[in-house]
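# predicted model follows, preceded by the sequence.
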There are 2 protein chains.
Amino acid sequence: MSDLPRTVRINEEGPREGFQFERGPIPTARKIELIEALSVTGLKQIQVVSFVPPQNVPGMADADDVVAGLTRRPGVDYTALWLNEKGLQRALGHDVLRIVGSIGLCCSAAFLARNQKRTMHENLQAQRAMLARCRELGVPVTRGSLMAAFGCNFEGNIAPARVVEQVGQLLELAEGAGERLEFVSLADTMAWATPRSIQQVVGAVRERFPALRLSLHLHDTRGMGIANAFAGLQMGVDRYDAAVAGLGGCPFAAHRGAAGNVCTEDLVLMCEEMGIDTGIDLERLIEAAVVAESVVGHPLPGAVKTGGSLRALRTRVRPGA
Amino acid sequence: MSDLPRTVRINEEGPREGFQFERGPIPTARKIELIEALSVTGLKQIQVVSFVPPQNVPGMADADDVVAGLTRRPGVDYTALWLNEKGLQRALGHDVLRIVGSIGLCCSAAFLARNQKRTMHENLQAQRAMLARCRELGVPVTRGSLMAAFGCNFEGNIAPARVVEQVGQLLELAEGAGERLEFVSLADTMAWATPRSIQQVVGAVRERFPALRLSLHLHDTRGMGIANAFAGLQMGVDRYDAAVAGLGGCPFAAHRGAAGNVCTEDLVLMCEEMGIDTGIDLERLIEAAVVAESVVGHPLPGAVKTGGSLRALRTRVRPGA
C-alpha cells in the first residue's frame, strides 16, 4: 500500500459528459443549477460544457448560455472541451472559464478513423496545428491525452508498448512547440481496462517516463471503474476524471453501450475511507448527485448517492448501542 | 500481482438473494427458469432458496416448490439457506439439494441484537445447538461465516483484531464439535469495506490462521464490490459469493439502502480478463443475467450484461480493420 497517494485531484466531467449524452432537452437553468451544486463541494475543477457544433451534439446547443449564466466561485476552475479552433474561439469568449490547451492522440488507428475520420498521421498534423494556434492565441498547452489506451472495440487489445510510444509522441509534440505538458491522461475510452491492465500500462509508461504525471479517464461500462481507480491509486496515480452520479451513463438497456465515467462520489468515498484527501465534502457531493438525477429525470448509476456515506453513519453510532 | 489465484470458485447467491428481496410475487416457474439458466453457465454452486417462515419472507413461500421443480444438472451443487432446525428439516426433504451445515457469528453485538434478537452469548449457544443437531442428522458442518466483518451501521468501525478473535471462535466451536471448517466467509454485511480494509482484515486473519481458506461475501451498496473483490484476489482469496445481475439490489432510490451482492458476471469478466479461471462461460452467464432482469421486471445493477464481454468484441475484430 506504500504507493497510495496522500491526496487526489478529481476533474469533474459530469456536466459536460451528461449534457452531451442525455436525450434532453434539459433547461439551461437546470444545467447551471447542477454546476453550482458541484461548485460548493470542494471540487477544484469542473468541465462544464463542450463547444461543438449543435447539429452534432444538440445537448450542447446552449453551451454559451450555460457558461454565461455561471457565478464564478473562488478556488474552482471551470473548464470546457473543444475539438477545433472554432470551439476554442468560443471558449475564449468567456472570462469565467480557465482556458488550458490540450493535445490528444489515440492508440487505435481504427477507432480514430471511425471517431474522428482521421488517419494517425492526419491527427498528428491536427495536433501540431492546434499547438501553433494556441501559441498565437497565448493559450498554454499543458495537458496531453491518449484515447483507447487499454483496448479498442475495433482493434482489440492494445499493447502497453504502443501506449508508451504514443505518450512519447505526445511529449515530443509538445516539446517541439515549446510547451511542457503537466500531465498525460490515459483514457479507457471503450472500457477495456481491468485492474491488471491498469497496472501493466501505468507500469510501462512509468518505467519509460518516471517523472511524468499521469491521470486516468475510466469508463464504467463493464463495472470495473472503481476497481481500476484503486489499481491506479496503488500505482500512485493521483489525478482522475470522474462524473457526478455517473452522469454520461445509464443503467437502462435502452442505452446499450452507454459508457459513463467512473462515479465521482463513489471514487471520493473510496479515497476518503482509505485516508486519501480529495478536498471534497462527500455529503455535499451526494447532494449534487441527487440534483444530477433530478436534472436528467432518470436513475443514474452511482451507488453512494443511494447507499450513503460511512462518515454520516459513524456520526449516528452511539457508544454501547 | 504474485498472489493472484489461478482459479476462483464463485458461489452464486442471486436466486436466494433476489427472490428474498424482490417485492414480487414472481411465479415459481420463472424462478426455476432463472436457476436452470444459471445451471448451464459452468457455475458449480447455486444457492437457490432459503427455508424461512413465509410470514417473514413472502418471496420464499414457494421455496419447496422451486426446489421440487429443479432438474439436477451434474457438476452443480444446489444449496439452500436455513436459520434454524425447522429450515434444515425442510432442506433435508429435497434430494436435489446438497446439504452442508454452517455456523455463523457476528462481529457486532448491536447488529446481532437488531437482526437476530440475540446477544453474542445466545448466538454462541445457538451455534452449538446447531452443531449438535447437525451431528445427530449426519449433516457435516464445513462452512463458517462472520457477519459485519468490515464495519457496522450500529457500531461503526470493526477492528481487525475483533474479526481475528471471532474467526478463532468459529474454529473453536467447530473443533469442539468434532467438525472441520473448509473455509470461513467474511461478510461485508452492511457494505463498509474498501479495498484497504479488505487488505487489513484479510491480512490480520491470514497472519493468525495462515492455513485457513477464506471466502468473501461483498455487498455493493457503495459501489466498492468489484474493487473489494480485486483487493481480495490480490490477497489470494479464491472464493466469492456473488449474485447474477446484482440480484438483491436495485438502482432505484425507492429501495434505499438495498444491498445487492457483487455482480457475478462483472466479477467473472474481471477474473477472466486477468487470466483467472472461474470455469464459467461468460456469454451464457450474461444470458442468465438477462433472464434475471426479465424475471424481476426491472433493471438490475450489473454492468456487463449491458456493456458486453470483451471476448465477444475480440472475435469481431478484423485484422487491419
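Perfect, I can see it now. Numbering: from 1, shown residues only, chains lettered A, B, ... in the order given.
# for the most centrally placed residue in chain A, phi and psi?
In chain A, the residue lying closest to the centroid (C-alpha atoms, centre = their mean) is residue A:241, at 3.2 Å. Backbone torsions of residue A:241, given as degrees, to the nearest 10, read phi -80, psi 150.
# now whichever strand or helix holds residue A:15, how far from the chain's geometric center?
Assigned by DSSP states H and E, residue A:15 belongs to helix A:14-21. Helix A:14-21 sits 11 Å away from the centroid of its parent chain (C-alpha atoms, centre = their mean, to the nearest Å).
# now stretch A:287-299
The answer for stretch A:287-299 is 19 Å, by C-alpha atoms, centre = their mean.
# now for residue A:261: which residues touch it?
By C-beta atoms under 8 Å, 6 or more residues apart in numbering or on different chains, the contact set of residue A:261 is A:13-14, A:17, A:217-220, A:225, A:241-243, A:246-249. Using the backbone N, CA and C atoms, a C-beta is placed for each residue, glycine as well.
# so what's the closest residue to the residue nearest to the centre of chain A other than its chain neighbours up against?
Nearest residue to residue A:241, sequence neighbours excluded (C-beta to C-beta, 6 or more residues apart in numbering or on different chains): residue A:217, at 4.3 Å. For residue A:217, the contacting residues are A:145, A:185, A:186, A:187, A:188, A:189, A:240, A:241, A:261, by C-beta under 8 Å, 6+ apart.
# ok so, going back, which one of the contacts of residue A:261 is nearest chain B?
Distance to chain B across the contacts of residue A:261 (C-beta to the nearest C-beta) is lowest for residue A:220, with 6.6 Å.
# if I look at that closest one, how far off is residue B:238?
26 Å (C-beta to C-beta, to the nearest Å).
# next: residue A:173.
Distance, residue A:173 to residue B:238, by C-beta to C-beta: 46 Å.
# now do residue A:282
33 Å.
# likewise residue A:199?
19 Å.
# the more surrounded of those two?
Neighbour totals were compared for residue A:199 and residue B:238, and residue B:238 leads with 21 against 18 (other C-beta atoms under 10 Å in any protein chain shown).
# residue B:10 is in contact with the more buried one, correct?
No: assessed by C-beta atoms under 8 Å, residue B:238 is found out of contact with residue B:10, at 9.9 Å.
# show me where the stretch 101-250 of chain A has strands.
A:101-106, A:141-147, A:183-188, A:214-218, A:239-242 (DSSP state E, counting those that start in this stretch).
# which residue sits closest to the residue of the stretch 1-150 of chain A found nearest chain B, ignoring its sequence neighbours?
Closest contact between the stretch 1-150 of chain A and chain B, by C-beta to the nearest C-beta, is at residue A:110 (5.1 Å). Once flanking residues are discounted, residue A:110 sits nearest to residue A:154: 3.7 Å by C-beta to C-beta, 6+ apart.
# what pLDDT does that neighbour get?
Turning to residue A:154, the model gives it a pLDDT of 92.
# ramachandran coordinates for it?
phi -110, psi -20.
# so what's the residue count around it?
Neighbours of residue A:154 (other C-beta under 10 Å): 19.
# that one touches residue A:115, doesn't it?
No: if you go by C-beta under 8 Å, residue A:154 and residue A:115 don't touch, sitting 9.5 Å apart.
# neighbours of residue A:61, how many?
If we define neighbours as other C-beta under 10 Å, then residue A:61 has 16 of them.
# so where's chain A uncertain?
Within chain A, the stretches with pLDDT under 70 are A:1-2, A:249-259, A:318-321.
# contacting residues for whatever residue of the stretch 101-250 of chain A ends up closest to chain B?
The stretch 101-250 of chain A approaches chain B most closely through residue A:223 (3.3 Å), counting by C-beta to the nearest C-beta. Residue A:223 is in contact with B:226, B:263, B:266, B:269, B:302, B:303, B:304, B:307, counting by C-beta under 8 Å, 6+ apart.
# please name the nearest non-neighbouring residue to residue A:317.
residue B:156 (4.2 Å).
# I'd say the one you found and residue A:312 touch.
No: counting by C-beta under 8 Å, residue A:312 is not a contact partner of residue B:156; they are 11.4 Å apart.
# ok, these two, which is more surrounded?
The residue with more neighbours, out of residue B:156 and residue A:312, is residue B:156; 19 against 11, by other C-beta under 10 Å.
# for that one, what are its contacts?
A:313, A:314, A:317.
# how much space is there between it and residue B:192?
9 Å.
# and for residue A:162?
Taking C-beta to C-beta, one finds residue A:162 at 40 Å from residue B:192.
# tell me which of the two has more neighbours.
Neighbours were counted for residue A:162 and for residue B:192 using other C-beta under 10 Å; residue B:192 has more, 24 against 18.
# surely that one is in contact with residue A:310?
Yes: judged on C-beta under 8 Å, residue B:192 makes contact with residue A:310 at a distance of 6.0 Å.
# need the overlap of contacts for the two.
The contact lists of residue B:192 and residue A:310 share residue B:151, where a contact means C-beta under 8 Å, 6+ apart.
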